[in-house]
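Undergrad: what's the 3D shape of this:
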Amino acid sequence: MSEGSLRLLLIEDSAADADLIWEALAAAGGPGVPRFELTHVSRLAEGLQRLAGGGIAVVLLDLSLPDSHGYATFQRVRAHAPRTPIVVLSGLDDEALASRAVREGAQDYLVKGRVDGGLLVRSLRYAIERVRAEEQRARLLQEQAARAEAEAAVRTRDEFLSAAAHDLRGPLTAIKGLAQLLQRRALRSTAPEARQFAEGLERINAGAAKMQALIDELLDVSSLQIGRPLLLERRPTDLVALVRQLVAEQQLTTTRHRLRVETREPTLVGEWDAARLERVLANLVSNAIKYSPAGGDVVVRLRPEAVAGRPGVAVDVSDPGVGVPAADLPHIFERFHRGSNVAGTIAGVGIGLAGARQIVQQHGGTITVQSREGVGSTFTVHLPRVVEGQPPSALRAAADACH
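TA: Numbers count the residues shown, from 1 in each chain. Here you go, the predicted structure:
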């Protein structure tokens, strides 16, 4: 077949009708008309054999053949090549049969003896375009169905996670309350084992608090995924003080890492949801520790900056860890996505960064990452210090309220 030409398969037992098709195609040639190469066979069996070899753009099919007759002829061709356009050639006495074939999937039909070059080319073009449109529509419907199924599965999962998290909060609150009560009693006791008992209860309380934070994070992520925005409890918050406290607590969890805070600012006050922002930064710092298994320095840097034209702050969390592969960077903030270099080797489920990004975005900020595999990562949180629409005086008021 010549480059750029379309191969037609004519299944027609009448030599005279086949010659008319040849002549019509020859007469239709010219600028803007596709080049057609015609293969002619006179029996259905031979036509099916040619179809099996592929490369046929359109089938021109006579329904009355020596080895097949009527509608069954169309059915057999359709079964052998369901994606190949079929144009039925009919006589004056079987137009009804040709119309039925079109209703059942043929792309068009032509009446023998009434076919000229222009009509034939238009019919062939229409047949090809109709099949393409049908395939595109089928793909679109398939994609829509798959997307709807996936979205329904995600909604079901999120609703389950939300319900499970709510159910877990009750018993966990009871555990924390009882541990705190017993700890206070132990601290008042003069028994020799009282201090050891109180330390054990403190570990129980700390573990329960960590689990509570994970549940709260899961609730936030689930709420956002099912379309419920978080109700932020904004209040004046000193980010420098929050970060110093958080880093001090995280330092207690490791002896292989040295955590430090770097900033020139004694305070950086803004209107933020302190609990959720602490969870974001705790996630980043704990990740920096976890994904630096060899130890090293984890540095948290704070600096003032403008965010979307408003006074803001940037927080960098840098580590010397395993880094993120370049292929994973565009997906690192997606739920349940984990770097290919840590999946199966370092524990995690992949919801922390997704939740962090959503919390930051609801504060009007952004979170970004720079990373090289094997070198380390720096996650940066950019936060406006005042709510959009508030005057600059609101920042001074927030700073005063924080002191």
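Undergrad: Can you show me the helices along this protein?
TA: In the chain, the segments counted as helices under DSSP state H are 15-27, 44-52, 71-80, 95-103, 117-188, 194-225, 239-251, 274-290, 352-362, 393-402.
Undergrad: Reformat those helices into CSV and put mean pLDDT and mean neighbour count next to each item.
TA: Heads up, the C-betas are built off the backbone N, CA and C, glycines and all. Formatted as CSV, these follow (pLDDT from 0 to 100; neighbours: other CB atoms under 10 Å):
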stretch, mean pLDDT, mean neighbour count
helix 15-27, 84, 15
helix 44-52, 92, 18
helix 71-80, 89, 17
helix 95-103, 75, 16
helix 117-188, 79, 14
helix 194-225, 77, 17
helix 239-251, 94, 17
helix 274-290, 93, 21
helix 352-362, 88, 21
helix 393-402, 58, 15
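Undergrad: Now render the ones you listed as JSON lines, adding distance to Asp62.
TA: Converted to JSON lines, these look like this (distance: least, CB to CB, whole Å):
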{"stretch": "helix 15-27", "distance to Asp62": "7"}
{"stretch": "helix 44-52", "distance to Asp62": "9"}
{"stretch": "helix 71-80", "distance to Asp62": "8"}
{"stretch": "helix 95-103", "distance to Asp62": "10"}
{"stretch": "helix 117-188", "distance to Asp62": "14"}
{"stretch": "helix 194-225", "distance to Asp62": "58"}
{"stretch": "helix 239-251", "distance to Asp62": "81"}
{"stretch": "helix 274-290", "distance to Asp62": "71"}
{"stretch": "helix 352-362", "distance to Asp62": "61"}
{"stretch": "helix 393-402", "distance to Asp62": "83"}
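Undergrad: For stretch 330-349, which outside residues touch it?
TA: 221, 225, 290-291, 293, 322-325, 327-328, 350-351, 353-354, 356-357, 367, 369, 373 (CB atoms under 8 Å, 6 or more residues apart in numbering).
Undergrad: What residues sit buried inside the top strand by length along the chain?
TA: Ranked by number of residues, the top strand in the chain under DSSP state E is strand 296-307. Going by neighbour count (16 or more other CB atoms under 10 Å), the buried part of strand 296-307 is 296, 298-302, 307.
Undergrad: Out of these, flag the one nearest to Gln75.
TA: Checking the buried residues of strand 296-307 against Gln75 with CB to CB, the nearest one is Val307 at 66.8 Å.
Undergrad: For the residue lying closest to the closest one once chain neighbours are set aside, list each beta-bridge partner.
TA: Closest residue to Val307 apart from its sequence neighbours, by CB to CB, 6 or more residues apart in numbering: Pro384 at 4.4 Å. With DSSP bridges applied, Pro384 shows beta-bridge pairing to Gly312.
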